[in-house]
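Trainee: Next one to model:
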Amino acid sequence: MRENERWQAKWHGLQDVLGPKWSVHVLRLLSDGPCGFNEIEGELDGLTAPMLSQRLKELRCHGFVERTVAETSPPTTSYSLTDQGERVAVHLRELESLVELRDRATEAGRVEDCLDTAAECRTEALADGCVTVGDGC
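Mentor: Sure, this is the predicted structure:
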C-alpha cells in the first residue's frame, strides 16, 4: 500500500468511528467522567434515547467506551471512557480549543455577513460543509 493510500485509509477509519452524529459529543461528555444513560441523554440536547443507545454500542465496539453495571436494586449502569477513549478525547479537546464561538447578536451588522460567509463556505470550499476556526464566523 502506498503512503497516500495508507493515510487515506486511516482517515476514512477516523470518519467511520467519529463521524456518526453525536459520537464526538458522547466522547466529550464522558471525558468529564462516568455518566449514566439518562444523565447523558439529559446533557445532550436533541439526542434521543434510541440514537444514544446506538452510539454507545458503536463506541463500545470500537473500544472507546465501557459499560459498568453495579449490582444494586435496581441495577445501575454507567458509561466511561476506556484508556483508548481517553486518548482520543484528549485530542478532540485540543481541537475544541481551536474553535471559537461568537454571539452573533452582540456583533451588530455582522449577522448577515456571518450567514453569507457560512453559506459560501459550505457551497464553495467543501461540498459537505466546513469548519471555521479562530476569528471566522
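Trainee: How far away from the center of its chain is stretch 1-20?
Mentor: Computed by C-alpha atoms, centre = their mean, to the nearest Å, the chain-centroid distance of stretch 1-20 equals 17 Å.
Trainee: Next one: residue 100, what pLDDT does it get?
Mentor: Residue 100 is assigned a pLDDT of 75 by the prediction.
Trainee: Confirm it sits in a strand?
Mentor: No. Judged by DSSP: H, G, I helix; E, B strand; the rest coil, residue 100 forms no part of a strand; its state is coil.
Trainee: what's the distance between it and residue 32?
Mentor: Taking C-beta to C-beta, to the nearest Å as the measure, residue 100 falls 21 Å from residue 32. Bear in mind the C-beta positions are built from the backbone N, C-alpha and C, glycine included.
Trainee: So the residue in the chain sticking out farthest from the centre, which state does it fall into?
Mentor: With C-alpha atoms, centre = their mean as the measure, the chain has its most outlying C-alpha, relative to the mean C-alpha position, at residue 73: 32.9 Å. The local conformation at residue 73, judged by three-state DSSP, is coil.
Trainee: Roughly how far does the residue nearest the centre of the chain sit from residue 97?
Mentor: The C-alpha lying nearest the average C-alpha coordinate of the chain belongs to residue 24 (C-alpha atoms, centre = their mean; 1.8 Å). As for residue 24, its distance to residue 97 is 14 Å (criterion: C-beta to C-beta).
Trainee: same question, residue 26
Mentor: From residue 26 over to residue 97 the distance is 19 Å, taken as C-beta to C-beta.
Trainee: Which of these two has more residues huddled nearby?
Mentor: Ranked by neighbour count (other C-beta atoms under 10 Å), residue 26 and residue 97 place residue 26 first, with 26 against 8.
Trainee: Mind telling me what element the more buried one is part of?
Mentor: Element membership for residue 26 (DSSP states H and E) is helix 23-30.
Trainee: in that helix, what counts as buried?
Mentor: With burial defined by 16 or more other C-beta atoms under 10 Å, the residues of helix 23-30 counted as buried are 23, 24, 25, 26, 27, 29, 30.
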